[in-house]
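[1] turn this into a structure:
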Amino acid sequence: MEPTAGKSTGDILIIEDSPTQSAQLRHILETNGYRVISAGNGKEALALIPGQKPSLIISDIIMPGLDGYELCRRIKEREDCRDIPVILLTSLSDPHDVIRGLECGADNFITKPCNEEHLLSRVRHLLENRNPCQVEARSGLEIHFAGERYCITADRRQILDLLLCTYETAIQKNNELIRAQNELNSLNKQLETANRELEAFNYTVSHDLRSPLTNISGYCQVLLELHADTLDLNCVDYIQEIFQATHRMNDLIGDLMEFSRLNHQELKRQEVNLSAIARIIAAELQTKDKQRRVDFKIGEGIIGNGDSRLLHLVLVNLLGNAWKYTGRKESAEIEFGVMEAAGKQVYFVRDNGAGFDMAEAHRLFGTFQRLHTKLEFEGTGIGLATVQRIIQRHGGTIWGEGEIGKGATFYFSLGPEP
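    Here you go, the predicted model:
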């Protein structure tokens, strides 16, 4: 805003204990042709006013010793300065701000941080409409608000100015809120578009990668079946490692494709027998490795409300992890159960396997985040991230507790059916 010369009709007193805020106000006012004096607190201001006789006072409300309300009240009680308009700097976050402003006889409010245009508009209005002859001592008007009693000493002009100022500020804040909401909506739409594009890219890349992997895997099988007898043993080992690597890569691609599809699948909620699902998964795990001895403890009649296919995937991952991380235990134990916490059902999968350091618990559900090396335990680092996304889509939460060498427990809840 360009400086405006010749506007001053006297000094403007700024009362502000923050040097930064005081300097900002001084800069705005002096740049626009007003003369400025300043005080750092209410006591200093009261000593300055009789000698300086400012045309306008701008005071912060929150100050040490004497706050802005009490300072304004004392100014308005003094016959030699009660005609000086007082603007209070406030957040206007509480209706009591307005009542207390009326109670102490303030003439206007300015919200912090100061908007230059509004500041200058209100300063100009008060200076142009100042009429000392109209200001005289008044008896208070008693009102009740929010269970408290107030004595209003402001005149009709002050009341009107203060209420219009409050209304103008409310409109300004509302417009800012609407603009912020529109910006947020726009950003959300952009984010949704970006997420869809990213998931589509992820799905496409994952799908396209499977074709060359199939070729590599097929050629490895041909080489091993037709030429294993004539190849050097090291060559056979290399080919087998390539073959196994293609299977690991294929598993990772499958997990990525499943992960990318989760947000697009419609939830079909129903009552689901989680105990029955857990028993099927346990039987499949034991069939794949009949040499292991694992004691499964699966609670009876555990029911959950959710999408049966997705909840099956949750238990596949949690029970599968428990199976994997108890692989080095001679007497492995895996338990699936339910308990009540804070008035809702919380399901859990507990094992006595490798466990984890709770200091690393924040990494459990990140994609490609693994708390054990691939040499210790195989995995893609997608499973728990997939579980978390499914639980969140059901309106629930999931968390884990563990101790190194003493096992882990994963808890999850399911939100109510909408």
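[2] work out for me the element the residue nearest the centre of the chain sits within.
    Of all residues in the chain, the one closest to the mean position by CA atoms, centre = their mean is Leu184, 13.4 Å from it. In the assignment (DSSP states H and E), Leu184 maps to helix 156-227.
[3] just checking, next helix/strand downstream of that helix?
    Per DSSP H and E, the first helix or strand lying C-terminal to helix 156-227 is helix 233-261.
[4] neighbouring contacts of the helix or strand just after that following helix?
    The helix or strand immediately downstream of helix 233-261 is strand 269-273, counting by DSSP H and E. Applying CB atoms under 8 Å, 6 or more residues apart in numbering, the contact partners of strand 269-273 are Gly301, Ile302, Ile303, Gly304, Asn305, Gly306, Asp307, Ser308, Leu311, His394, Glu417. (C-beta placed from N, C-alpha, C; glycine too.)
[5] swap the cut-off to 10 Å and go again
    279, 301-312, 394, 414-418 (CB atoms under 10 Å, 6 or more residues apart in numbering).
[6] narrow these to those in helices?
    Mapping those onto helices (DSSP state H) picks out Arg279, Ser308, Arg309, Leu310, Leu311, His312.
[7] ok, for the fifth one, nearest residue in space, not its chain neighbours?
    Spelled out, it's Leu311. Counting by CB to CB, 6 or more residues apart in numbering, Leu311 lies nearest to Val272, which is 5.4 Å off, once chain neighbours are set aside.
[8] what count of nearby residues applies to that neighbour?
    Residues lying near Val272 (other CB atoms under 10 Å) number 20.
[9] CA-only coordinates of stretch 100-112 in CSV, if you can.
    The C-alpha coordinates for stretch 100-112 follow below in CSV (Å, rounded to 0.1, in the frame of the first residue of the first chain):
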residue,chain,number,x,y,z
ARG,A,100,-15.5,-7.3,28.1
GLY,A,101,-14.7,-4.8,25.4
LEU,A,102,-18.2,-3.3,25.8
GLU,A,103,-17.8,-3.4,29.6
CYS,A,104,-14.6,-1.4,29.6
GLY,A,105,-15.8,1.1,27.0
ALA,A,106,-13.5,0.1,24.1
ASP,A,107,-14.3,1.6,20.8
ASN,A,108,-13.1,-1.1,18.4
PHE,A,109,-11.3,-4.4,18.0
ILE,A,110,-8.4,-5.4,15.6
THR,A,111,-7.6,-9.1,15.3
LYS,A,112,-4.0,-10.3,15.6
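[10] residues of that stretch that come out buried?
    Of all the residues in stretch 100-112, those buried under the rule 16 or more other CB atoms under 10 Å are Arg100, Gly101, Leu102, Glu103, Cys104, Gly105, Ala106, Asp107, Asn108, Phe109, Ile110, Thr111.
[11] could you work out the most separated pair of the ones in helices among the contacts of strand 269-273?
    Taking CB to CB, the two most distant members of these are Arg279 and Leu310; they sit 18.4 Å apart.
[12] still on that earlier bit, tell me how far the residue nearest to the centre of the chain lies from Asp232.
    64 Å (CB to CB, to the nearest Å).
[13] again with Gly353
    Applying CB to CB to Gly353 and Asp232 gives a distance of 39 Å.
[14] you'd agree Ile12 is in a strand?
    Yes - applying DSSP: H, G, I helix; E, B strand; the rest coil, one finds Ile12 inside a strand.
[15] can you tell me how far the spatially closest residue to it that is not a sequence neighbour is from Asp83?
    Among residues not flanking Ile12 along the chain, Leu56 sits closest, at 4.7 Å (CB to CB, 6+ apart). To Asp83, Leu56 is 11 Å away according to CB to CB.
[16] my guess is the residue nearest to Ile12 meets Ile49, correct?
    No - if you go by CB atoms under 10 Å, Leu56 and Ile49 don't touch, sitting 11.5 Å apart.
[17] common neighbours of the two, please.
    Leu13, Ile84.
[18] shaky segments in the stretch 151-300 of the chain?
    In the predicted model, the stretch 151-300 of the chain carries pLDDT under 70 at residues 151-166, 168-169, 202-203, 205-207, 252, 255-265.
[19] Leu318 is in what secondary structure piece?
    Assigned by DSSP H and E, Leu318 falls in helix 308-325.
[20] pull out the buried residues from that helix.
    308, 310-325.
[21] the residue of the chain most remote from its centre and Tyr347, how far apart?
    Relative to the centre of the chain, and counting by CA atoms, centre = their mean, the farthest-placed residue is Thr230 at 63.0 Å. Applying CB to CB, the value for Thr230 to Tyr347 is 55 Å.
[22] same check on Asn129?
    From Asn129 to Tyr347 the distance is 69 Å (CB to CB).
[23] after the longest strand along the chain, next one along is what?
    Longest strand in the chain, counting residues (DSSP state E): strand 332-341. Next along the chain after strand 332-341, taking DSSP H and E as the criterion, comes strand 344-351.
[24] surely His353 touches Ser331?
    Just to correct that, residue 353 is Gly rather than His. No - Gly353 is not in contact with Ser331 according to CB under 10 Å; the separation is 11.2 Å.
[25] which of these two has more neighbours?
    Taking other CB under 10 Å, Gly353 and Ser331 do not tie; Gly353 has more neighbours (24 against 9).
[26] SS state for the more buried one?
    coil.
[27] measure Asp229 to Leu89 for me?
    91 Å.
[28] so the two - more neighbours on which side?
    Neighbour totals were compared for Asp229 and Leu89, and Leu89 leads with 24 against 6 (other CB under 10 Å).
[29] can you tell me the closest non-neighbouring residue to that one?
    Distances taken as CB to CB, 6+ apart place Asp60 nearest to Leu89, at 4.6 Å, with adjacent residues excluded.
[30] neighbours of the one you found, how many?
    22.
[31] can you check Asp232 too?
    8.
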